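Participant: I would like to see how this sequence folds:
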Amino acid sequence: MINRTAPTASPDIVLTKDDIDLIDRIVIQRTGQPPPRKLSSYLTQIARLGGYLARERDPPPENTVIWRGWSRLMDMKLGIDLAGRTCG
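Facilitator: Below you'll find the predicted structure:
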């Protein structure tokens with residue numbers, strides 16, 4: 001809902017620093033450059049993880065696609081956290 005009223009807002013309003021860093025790493029791997037520092041671009045990237053194609057004429061992503069993307073992002077975050085820990 002914040003994205004609809006203030007799409008150019010900072011992503012820090014909704015996402016943690018770790019979330020932003022992870023999305024930046026994913027987008028840099030895919031495109032070679034980080035996304036613009038706007039809330040709308042970060043939410044689009046989360047929706048893309050959920051299957052949203054982000055074509056020019058596509059409607060805005062819906063809750064289901066964003067939920068799938070968010071779930072996948074949290075799985076990646078958990079994997080990174082677990083990989084960083086050492087056993088014993």
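Participant: mind giving me the packing neighbours of the helix ranked longest in the chain?
Facilitator: Longest helix in the chain, counting residues (DSSP state H): helix 63-84. For helix 63-84, the packing partners by 3 or more CB pairs under 8 Å, 6 or more residues apart in numbering; DSSP states H and E come out as helix 17-31, helix 39-49. Bear in mind the C-beta positions are built from the backbone N, C-alpha and C, glycine included.
Participant: buried sites along that helix?
Facilitator: Buried residues in helix 63-84, defined by neighbour count with 16 or more other CB atoms under 10 Å: 65-66, 68-70, 73.
Participant: winner for burial among the helices and strands packed on helix 63-84?
Facilitator: Comparing these by mean neighbour count (mean count of other CB atoms under 10 Å), helix 39-49 ranks first with a mean of 21.
Participant: what's it in contact with?
Facilitator: 2-3, 6-11, 13-15, 20, 23, 26-27, 35, 52, 54, 61, 65-66, 68-70, 72-73 (CB atoms under 8 Å, 6 or more residues apart in numbering).
Participant: which residues of this protein score low on pLDDT?
Facilitator: In the predicted model of the chain, residues 86-88 satisfy pLDDT under 70.
Participant: gap between the residue positioned nearest the centre of the chain and Asp24?
Facilitator: In the chain, the residue lying closest to the centroid (CA atoms, centre = their mean) is Ile46, at 3.2 Å. According to CB to CB, to the nearest Å, Ile46 and Asp24 sit 12 Å apart.
Participant: now do Asn3
Facilitator: Computed as CB to CB, the Asn3 to Asp24 distance reads 18 Å.
Participant: for Leu39, same thing?
Facilitator: Leu39 sits 14 Å away from Asp24, taking CB to CB as the criterion.
Participant: same thing with Gly32?
Facilitator: 12 Å.
Participant: tell me, what's touching these two both at once?
Facilitator: Both Gly32 and Asp24 lack any common contacting residue under the criterion CB under 8 Å, 6+ apart.
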